[in-house]
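In: no sequence on hand, only this structure:
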Ligand SMILES: Nc1nc2c(ncn2[C@@H]2O[C@H](COP(=O)(O)OP(=O)(O)OP(=O)(O)O)[C@@H](O)[C@H]2O)c(=O)[nH]1
C-alpha cells in the first residue's frame, strides 16, 4: 500500500525559492476543497520525552528538528491517498502520561481521555533507552481499553530512539512480546535518523484503521457517545514555532 500526500511535499524550499532548508508547517487542505468522505483519526500516546512529537513531525514532513515544545497536544491534519482512496488523516499529539506511585494506574489528563475516545487508531510510544517509559505502556493500553471496552482497537507499539543503541534499556524482543500481548505490531524506529521506519509504522496503522472504517465514517462500527473532536489544529502556532527554531539556528550560525 502506498501513502501519498495529496499536497506537495512540504519543507523543501523557502519562500524565496533559494532551496535553503525551511521546515514549513503541514498544510491543511482548504475548507472549500472537496473533503474526503473518510477520516482516519490517530492519537499518539506515551510517557514524557519518548519522541511523540518528533515521530509525528517526521512522518508528516520527513524532517527532524530536534527541539519540540513539550506537551503540545496539537492536532495535525492532512489529506492523503491510501490505496488509491483519498482520506482525511488527523493525528493528535498528546501531553505525556506518567505511572502513578503504585506503578499500575496512570496520571492522565482529561484532554488525553477525550483524545482516546475520539481516535480510531493508537500509536503507543516508548523510548528504547527508558525502561520506565516501556512500563507505562501496559497500563496505558488498559486505560484505552477502559474507554473502549469492546471491539478491536487498532494499535501499534513504537520503540523510538533506536539510533541510541548503546543506551538501550528495552530489548527488541520485549517490545515484540508486549505488542503481541496487546494485539498490535511492534516497530522500532528513530525519529532522529530515519524517515522510513517511522513512515512504515504509521502507514501500517493508517491501513488498519482505514480497513476498519470500511467505506466511510458513516459505517464506523464502534458505538457510544459522539464527542467533539479535541483542540482544533493550530497551524499558526506551528508556523511560529518553526520560525523560532529556524531563526535561532540562523542566529547560532551567524555568531560563530
Ligand atoms: N536520539 C534521539 N532523540 C530523539 C528521537 N526522537 C525524539 N528525540 C528527542 O527526544 C526529545 C523529546 O522529543 P519529543 O518529540 O518532544 O518527545 P515527546 O514524547 O513529545 O515529549 P513530551 O512533550 O514531554 O511528552 C527531544 O529532545 C527530541 O529531539 C530519536 O529518535 N532519537
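Out: Noted; the coordinates are in hand. As the structure is a prediction and not an experimental result, all values here were calculated from the model.
In: quick check: residue 46 touching residue 139?
Out: No - with contact defined as C-beta atoms under 8 Å, residue 46 does not reach residue 139; the gap is 11.7 Å. Heads up, the C-betas are built off the backbone N, CA and C, glycines and all.
In: okay, these two: which has more neighbours?
Out: Per other C-beta atoms under 10 Å, whichever of residue 46 and residue 139 has more neighbours is residue 46, with 25 against 18.
In: quickly note the distance from that one to the ligand.
Out: 6 Å (C-beta to the nearest ligand atom, to the nearest Å).
In: how near is that residue to residue 111?
Out: 15 Å (C-beta to C-beta, to the nearest Å).
In: with residue 173 instead?
Out: 34 Å.
In: out of those two, which sits in the busier spot?
Out: When residue 173 and residue 111 are compared for neighbours, residue 111 comes out ahead with 15 against 9, by other C-beta under 10 Å.
In: grab the nearest non-local neighbour of that one.
Out: Nearest residue to residue 111 in three dimensions, chain neighbours excluded: residue 73, at 5.9 Å (C-beta to C-beta, 6 or more residues apart in numbering).
In: show me where the chain has helices.
Out: With DSSP state H, the ranges of helices along the chain come out as 52-61, 110-118, 131-135, 137-147, 172-182, 195-213, 235-255.
In: minimum distance to residue 85: which of those has it?
Out: With C-beta to C-beta as the measure, helix 195-213 is the member of the helices of the chain nearest residue 85 (7.4 Å).
In: can that closest one be found next to the ligand?
Out: No - applying C-beta under 6 Å from any ligand atom, one finds helix 195-213 separated from the ligand by no less than 8.6 Å.
In: model confidence at the residue nearest to residue 111, what's the number?
Out: Turning to residue 73, the model gives it a pLDDT of 79.
In: equivalent analysis for the one 10 residues further on, please.
Out: We have a pLDDT of 85 for residue 83.
In: could you find the closest non-adjacent residue to residue 109?
Out: residue 95 (5.6 Å).
In: state the distance from that neighbour to residue 74.
Out: Counting by C-beta to C-beta, the separation of residue 95 from residue 74 is 11 Å.
In: ok, those two, which is more surrounded?
Out: Neighbours were tallied for residue 95 and for residue 74 using other C-beta under 10 Å; the higher tally belongs to residue 74 (23 against 17).
In: I'd say that one and residue 94 touch.
Out: No - taking C-beta under 8 Å as the definition, residue 74 is not a contact partner of residue 94, at 9.3 Å.
In: quick check: residues of this protein near the ligand?
Out: 46, 48-54, 66, 68, 70-71, 96, 160-161, 163-164, 190-192.
In: buried ones among those?
Out: 46, 48, 50-54, 68, 96, 160-161, 164, 190-192 (16 or more other C-beta atoms under 10 Å).
In: lowest pLDDT pick from these?
Out: pLDDT across these is lowest for residue 68, at 81.
In: residue 56 is in contact with that one, correct?
Out: No - Residue 68 is beyond contact range of residue 56, at 9.4 Å (criterion: C-beta under 8 Å).
In: what's the neighbour count on residue 243?
Out: 14.
In: residue 144 now?
Out: By other C-beta under 10 Å, the residues close to residue 144 number 21.
In: show the contacting residues for the residue lying closest to it once chain neighbours are set aside.
Out: Leaving aside its sequence neighbours, residue 144 sits nearest to residue 116 (C-beta to C-beta, 6+ apart; 5.5 Å). Counting by C-beta atoms under 8 Å, 6 or more residues apart in numbering, residue 116 makes contact with 43, 45, 122, 143, 144, 147, 148.
In: how about those residues, which pair is most distant?
Out: Between any two of the contacts of residue 116, the greatest separation by C-beta to C-beta is 13.0 Å, found for 45 and 148.
In: neighbour count: the two, which is higher?
Out: More neighbours surround residue 45 than the other of residue 45 and residue 148, with 28 against 16 (other C-beta under 10 Å).
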